[in-house]
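Colleague: Provided below are the primary sequence and the corresponding predicted coordinates.
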Amino acid sequence: MDTLDVIGVGIGPFNLSLAALIEPTPLRALFLEKRETFCWHPGLALPNSRLQVSPFKDCVTLVNPTSPYSFLNYLAQNGRLYSFINKRNASTSRREFTDYYQWVSRQLGTVRFNEEVVDIAPFRDAYRVSTSTTTYLARAVVIAVGVEPKIPRCAKPLICDTIYHAADYLDRDPPRRDEHVLVVGGGQSWRRDCRAHAQSPRCSPDYLGHFALEPVCDGRYQFRQRGLYARL
């Protein structure tokens, strides 16, 4: 059995970026994901939600601006470059950026979906990575399976159909017109979902509260924000 240089477990933005950057190098790599296709926060993909950072923070541009896997090349290949450049600001929707990620994943021969990793173990001078169908060997393993939604300890016993994390927003029924809505959290999810509440023809909450738990950071290291909903 040949030994690969790198195996990536999970295909989200991090490992997709790594796969795109490794592709032109001599490194032998493989990236595995249990989902059938690339997904990026599907529970938050509201129709009008916008990307809150520059789309040039894509898979490759800040490391290799001439890469064929850049967001600009995605726009050019899909006939959207001029319309994007002519907009007032260089912004895009989360849905378009998800489509960009999916486009990159389709270009790469080293990404493999619908293959779940079930075990990783040291093996001689490498690692044995077992999936539901086969086994691989690799000198390095990069695990990027995402994060679990963070719910405050005091709220965990209360989680139910009407109290839930923002990651589940689109999987829940919208509040009724006679319900009050409380939003806890200060990140882009709060801004996006508050706008959805205000614009939804099916929901007109009487009260929408907000408590900022963390500052928004758009520096080199961007902090993840948390959101929690309570319908009263």
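Modeller: Now that the structure is in, tell me what you want to look at. As the structure is a prediction and not an experimental result, all values here were calculated from the model.

Colleague: does Leu137 touch Arg128 like I think?
Modeller: Yes - using C-beta atoms under 8 Å, Leu137 is in contact with Arg128, at 5.9 Å. Where C-beta positions appear, they are placed from N, C-alpha and C, glycine not excepted.

Colleague: biggest strand in the chain, by residue count?
Modeller: Counting residues, the longest strand found in the chain (DSSP state E) is strand 135-143.

Colleague: report the contact partners of the most centrally placed residue in the chain.
Modeller: Centroid-nearest residue in the chain: Trp40, 3.3 Å away (criterion: C-alpha atoms, centre = their mean). Going by C-beta atoms under 8 Å, 6 or more residues apart in numbering, Trp40 touches Gly12, Pro13, Arg94, Phe97, Thr98, Tyr101.

Colleague: ok, now how distant is the first one from Lys57?
Modeller: In this case it means Gly12. 14 Å (C-beta to C-beta, to the nearest Å).

Colleague: these two: which has the busier surroundings?
Modeller: Gly12 (19 against 15; other C-beta atoms under 10 Å).

Colleague: for the more buried one, list the residues it contacts.
Modeller: Gly12 touches Trp40, Ala144, Val145, Gly146, counting by C-beta under 8 Å, 6+ apart.

Colleague: filter those down to the buried ones, PyMOL style.
Modeller: Buried members of those, defined by 16 or more other C-beta atoms under 10 Å, are picked up in PyMOL with:
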select buried, resi 40+144
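
Colleague: by contact count, what packs against the longest helix that the chain contains?
Modeller: For the chain, the helix that runs over the most residues, judged by DSSP state H, is helix 94-107. Where contact means 3 or more C-beta pairs under 8 Å, 6 or more residues apart in numbering; DSSP states H and E, helix 94-107 is packed against helix 13-22, helix 71-77.

Colleague: buried deepest among the ones you listed, which one?
Modeller: helix 13-22 (a mean of 21; mean count of other C-beta atoms under 10 Å).

Colleague: quick one: that one to helix 94-107, angle?
Modeller: Helix 13-22 and helix 94-107 are oriented at 40 degrees to each other (axes from the mean of the first three to the mean of the last three C-alpha atoms, to 10 degrees).

Colleague: convert the C-alpha atoms of helix 13-22 to CSV, please.
Modeller: C-alpha atoms of helix 13-22 as CSV (Å, rounded to 0.1, in the frame of the first residue of the first chain):
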residue,chain,number,x,y,z
PRO,A,13,-13.3,25.8,4.0
PHE,A,14,-10.0,25.0,5.8
ASN,A,15,-9.2,21.6,4.1
LEU,A,16,-10.7,22.7,0.8
SER,A,17,-8.2,25.6,0.9
LEU,A,18,-5.4,23.2,1.8
ALA,A,19,-6.4,20.9,-1.1
ALA,A,20,-6.4,23.7,-3.6
LEU,A,21,-3.0,25.0,-2.4
ILE,A,22,-1.5,21.5,-2.5
